[in-house]
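Chemist: Okay, here's the prediction I keep looking at, along with the sequence it came from:
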Amino acid sequence: MSWTDERVETLKKMWGEGQSASQIAKELGGVTRNAVIGKVHRLGLSNRSAGAPAAKPEPKPAPAAAAAAAPKPEPKPRPAPKTEAARPVPPQGETRPAVPVRKQIIPAGQPLPPQPSANEISPEALAKVNEVEKKAKKISLMELTERTCKWPVGDPATEDFWFCGLPVQAGKPYCEAHVGVAFQPMSSRRDRKR
């Protein structure tokens, strides 16, 4: 299906009448609702509020009634897009609520900073994980299945990156040792924070 000039005009007309994308797709035939929505966006047609019922075409009044009808009001101009300067400034003495600062994104290939959760893992659990990782199958992403441990080891930006691959614990994505690290009881996590 291609968007001929005739089909585009039909789309514009029906969209202007308030028809839904599904109705337009059905009328045009050979095109999906999503294709209609995409074309509407590419054409830059007016955005309608979500959930608004489709406007039904009004019956045309008789010529005498049309002459007596009042002139249509001018359409309201669209507001300019908000820019930094257009934001309201709080009055003196008031402060704006603090906006959380976004964490810095670290580019691939650079080492990650130490994660706070790494300090919370018990030495016994780390020892068990180190032993298990010596026995690990060291599989690639493409070799993972629902039965293999999906615990990542190493830096994904290097060739020395792999997944554990040992048999998983029932209902979990990791082997027994990695489950012990990943899923800690709530009470032990609370105790470490104090």
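Modeler: Cool, the structure landed. Residues are numbered from 1 along each chain as shown.

Chemist: ranges for the strands of the protein?
Modeler: 152-153, 162-163 (DSSP state E).

Chemist: quick one, phi psi at residue 165?
Modeler: phi 90, psi 0 (degrees, to the nearest 10).

Chemist: okay but it is in contact with residue 145, surely?
Modeler: No: look at residue 165 against residue 145 with CB atoms under 8 Å: they stay out of range, at 9.3 Å. Quick note: C-beta positions are derived from backbone N, CA and C, even for glycine.

Chemist: between those two, who's got more neighbours?
Modeler: Comparing residue 165 with residue 145 by other CB atoms under 10 Å, the one with more neighbours is residue 165, at 22 against 9.

Chemist: how much space between the more buried one and residue 22?
Modeler: 47 Å (CB to CB, to the nearest Å).

Chemist: one step back: need the strands of the chain in CSV with mean pLDDT and mean neighbour count, can you?
Modeler: As requested, the strands of the chain are exported to CSV (pLDDT from 0 to 100; neighbours: other CB atoms under 10 Å):
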stretch, mean pLDDT, mean neighbour count
strand 152-153, 90, 14
strand 162-163, 92, 20
